[in-house]
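# Make a model of this:
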Amino acid sequence: YSRRIADMEKKPEVMSTAKGKEEYQRMVEERRKAVRQLPETMKDRVPLMIEGKEFDDAVAETVAFLQFWIGQVFRSEGAAAHVFKQMDFDYILRMQMQVMDAYTKAGLGNEKNTSVTVPQDMVFVPGGYYLMGRRGVGPEDDGFPMHLVYVSPFLLDKYEVSNRDYSNFVAKVRDKPDPAIEHPLAPPLKKHDAAGWLDEGLSGPDQPVVGVDWFDAYAYAKYAGKRLPTEAEWEKAAAGIECRTYPWGNSEPSTCAVNWVEGRTCIAAEMDRQNPPKPPEPEKGSGCSCGDSKKARQMAVPQPTRIPERTWDVKAQLPAKAMRARDDEFFEWTQEYPGPYGAIHMAGNAAEWVHDWFDTTYYGQSSVSDPQGPAEGKGHVVRGGSYLSKDKTELMTQTRMYPGKAFRENGCTVEGKALVGFRCAKSLDIVKKSGEDDILEKVDIEQLLNEIRANQPAAPAKETVPGQPAGPAREVKAKEPKAPVKGTGGTVPAAAGR
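Below is the predicted model of the structure:
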């Protein structure tokens, strides 16, 4: 219907006639009827697939349903936000959650590694489905919609790339440039120096490299025999199959030893609670006995602990001042905050480049299996927040950031403060199970609509619209796969929208 409606809208000679307008309105009404009955049909089909443990089919059906709704209903019925407010869009989310609940109860999606040797500085992230995106937001949010994604098993750096490792890379490519590691769009003879090296508080050898652009991160990853993680991989590694709000779980980051503004305040306050600060010693030889003077009273006030605004060492889960206090047995802190698979600093410390270009609408057209992001864009996605973060939402596992007002393409703030670094990933040569590739190709939305139409009373025949020759009757074949229509970075069933 949508395709025929779109064709008619392009033909003013048809739309200007009374019969053309009548036929146009009829098709709009028929599409509305079919779409309104589609959820009921899906409600009957998906539970049968779940019962038969046909999870690939269940995911394919629900994601195609989601993409059909976004791509056709929003566009055809009016402004997306207006339509969304009138819909129970959580109906589709509940259907996806129903699939995931059965999937995890079947023991899938979090399988232990039994065949891969994992390097000491990397973690294994199991393959499987999970729900990607932000819950409870509308189409104006770049985390909309929450959607099912399959990620193949992969390895991820346990730590962010350090200044030491990155400087070794820079020294080698400076002496002997290697065009093979550079991205095709990178500037010729690209310098890879990090802006963070200009700041003494950010340039320690074990601190994460910050103030690098996406091309720097890409080149280093290729030099190291790795790659940047995709956005879907990064979120799986940070949120896990249970869709954690933060990498460590759901506890408030203001009470956690995480390197952001309130996290540092929390640690400093706990240090002072365990070991209250003492008044400073009076200056020797001052000869002053005016202990009641205002200056003396001010000097006698204990000064609270302050944690410097800087990155922490990539392997450290506490700032240097707290580490020293703990080593001296003045401070006790045992809790750690790794991600679900053991990666450290997935929130705070250095923000992290990922592979994907940024597109606010990409989630509505993303492929299911190992999405690679849009084919192009104005900037790349950054994840995880940083040591400069003041808003806890930046630390959330679903939050997407990109170059703009907060920071620039060079990985620095507008004021020049370096904050963006990265970590690397590595693919595994593990063969997927049959049916996990391009699962959206299985879905035939038109067959669903045909099932609905078959239960509707036949409409009376209409006259041929002027300017449109009558075509032969078309035989509808049952369950014949449709060729996918490849869009920007995603796959949408060709049948969706008819």
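# Look up which helix or strand the nearest residue to residue 195 once chain neighbours are set aside falls in, please.
Setting aside the residues directly before and after it, residue 195 is nearest to residue 211 in space (CB to CB, 6 or more residues apart in numbering), at 2.8 Å. Using the backbone N, CA and C atoms, a C-beta is placed for each residue, glycine as well. Here residue 211 sits in a region with no helix or strand, counting by DSSP states H and E.
# can you start the count at 359 instead of 1 from here on
Done: numbering now begins at 359, and the last item shifts to residue 569.
# all strands of the stretch 459-608 of the chain, in order?
480-483, 486-490, 505-509, 512-515 (DSSP state E, counting those that start in this stretch).
# Just checking: what are the partner strands of the last one?
What it means is strand 512-515. Strand partners for strand 512-515, identified by DSSP bridges, are recorded as strand 480-483 (antiparallel), strand 783-785 (antiparallel).
# Per-residue pLDDT of residue 549, please?
The confidence metric pLDDT takes the value 94 at residue 549.
# For it, grab phi and psi.
Backbone dihedrals for residue 549, given as degrees, to the nearest 10, come out at phi -80, psi 140.
# Where do the helices of the chain begin and end?
Using DSSP state H, the helices found in the chain span residues 360-367, 370-373, 376-409, 413-426, 433-435, 438-443, 448-463, 521-533, 572-581, 589-597, 619-632, 652-657, 678-685, 803-812.
# Switch those over to CSV; also include mean neighbour count.
Rendered in CSV, the data for the helices of the chain read as follows (neighbours: other CB atoms under 10 Å):
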stretch, mean neighbour count
helix 360-367, 15
helix 370-373, 14
helix 376-409, 15
helix 413-426, 24
helix 433-435, 16
helix 438-443, 14
helix 448-463, 17
helix 521-533, 16
helix 572-581, 23
helix 589-597, 26
helix 619-632, 18
helix 652-657, 11
helix 678-685, 16
helix 803-812, 18
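# Can you check which of those gets nearest to residue 718?
Distance to residue 718, taken as CB to CB, is lowest for helix 438-443 among those, at 11.6 Å.
# May I see the strands of the stretch 459-608 of the chain arranged in CSV, with mean neighbour count as well?
What follows is those, written out as CSV (neighbours: other CB under 10 Å):
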stretch, mean neighbour count
strand 480-483, 22
strand 486-490, 22
strand 505-509, 24
strand 512-515, 24
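# what would those strands look like in a markdown table with distance to residue 622 and mean pLDDT?
As requested, the strands of the stretch 459-608 of the chain are exported to a markdown table (distance: least, CB to CB, whole Å; pLDDT from 0 to 100):
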| stretch | distance to residue 622 | mean pLDDT |
| --- | --- | --- |
| strand 480-483 | 26 | 98 |
| strand 486-490 | 30 | 97 |
| strand 505-509 | 33 | 97 |
| strand 512-515 | 24 | 98 |
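# With distance to residue 690 as extra columns, can I get these in TSV?
Rendered in TSV, the data for those read as follows (distance: least, CB to CB, whole Å):
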stretch	distance to residue 690
strand 480-483	27
strand 486-490	36
strand 505-509	38
strand 512-515	29
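# about what we covered before: with respect to residue 761, which of the helices of the chain lies nearest?
helix 572-581 (8.7 Å).
# Just want the angle from that closest one to helix 521-533.
Between the axis of helix 572-581 and that of helix 521-533 there is an angle of 90 degrees, by axes from the mean of the first three to the mean of the last three CA atoms, to 10 degrees.
# How far off centre is helix 572-581?
The gap between where helix 572-581 is centred and where its chain is centred comes out at 20 Å by CA atoms, centre = their mean, to the nearest Å.
# List the contacts of it.
Taking CB atoms under 8 Å, 6 or more residues apart in numbering as the criterion, the residues outside helix 572-581 that touch it are 519, 524, 527, 530-531, 536, 538-541, 543-545, 548, 550, 552, 570, 585-586, 711, 737-738, 767, 769, 779-780, 782-783.
# And those, which of them are buried?
Using 16 or more other CB atoms under 10 Å as the burial test, these include 519, 524, 527, 531, 539-540, 544, 550, 552, 570, 585-586, 711, 738, 769, 779-780, 782-783 as buried.
# Dump the C-alpha coordinates for stretch 559-572 into CSV.
Once non-C-alpha atoms are left out, stretch 559-572 reads as follows in CSV (Å, rounded to 0.1, in the frame of the first residue of the first chain):
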residue,chain,number,x,y,z
GLY,A,559,48.1,15.7,34.7
LEU,A,560,47.1,13.6,31.7
SER,A,561,50.4,12.4,30.3
GLY,A,562,51.6,9.7,32.8
PRO,A,563,52.7,6.6,31.0
ASP,A,564,50.0,4.4,32.6
GLN,A,565,47.2,6.9,32.2
PRO,A,566,44.9,6.4,29.2
VAL,A,567,45.8,8.4,26.1
VAL,A,568,43.3,11.2,25.5
GLY,A,569,42.9,14.0,23.1
VAL,A,570,43.1,11.7,20.0
ASP,A,571,40.7,11.8,17.0
TRP,A,572,39.0,8.9,15.5
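# tell me the mean pLDDT for it?
For stretch 559-572, the mean pLDDT works out to 98.
# Quick check, pLDDT for the spatially closest residue to residue 616 that is not a sequence neighbour.
Excluding the flanking residues, the one nearest residue 616 by CB to CB, 6+ apart is residue 706, at 4.5 Å. Among the per-residue scores, residue 706 shows a pLDDT of 97.
# Residue 706 against residue 744, yeah?
Yes - counting by CB atoms under 8 Å, residue 706 does reach residue 744; the two are 6.5 Å apart.
# just to revisit the earlier point, which one of the helices of the chain lies closest to residue 748?
Of all these, helix 619-632 sits nearest to residue 748, with 4.9 Å by CB to CB.
# TSV for the strands paired with strand 512-515, including distance to residue 580?
Formatted as TSV, the strands paired with strand 512-515 follow (distance: least, CB to CB, whole Å):
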stretch	distance to residue 580
strand 480-483	16
strand 783-785	12
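# hmm, back to that, need the overlap of contacts for residue 706 and residue 744.
Looking at what touches both residue 706 and residue 744 (by CB under 8 Å, 6+ apart), the common residues are residue 618.
# hmm, back to that, who wins for proximity to residue 717 among the helices of the chain?
Go through those one by one with CB to CB and the one that ends up closest to residue 717 is helix 589-597, at 10.5 Å.
# In terms of pLDDT, where does the residue nearest to residue 722 when sequence neighbours are not counted sit?
The shortest distance from residue 722 to any residue other than its chain neighbours is 4.2 Å, reached at residue 428 (CB to CB, 6+ apart). At residue 428 the predicted local distance difference test score is 79.
# now for the strands of the stretch 459-608 of the chain, which one comes closest to residue 419?
Of all the strands of the stretch 459-608 of the chain, it is strand 505-509 that lies closest to residue 419, at 10.4 Å by CB to CB.
# Let me see the contact set for residue 517.
Applying CB under 8 Å, 6+ apart, one finds that residue 517 lies in contact with 479, 566, 672-673, 701-703, 781.
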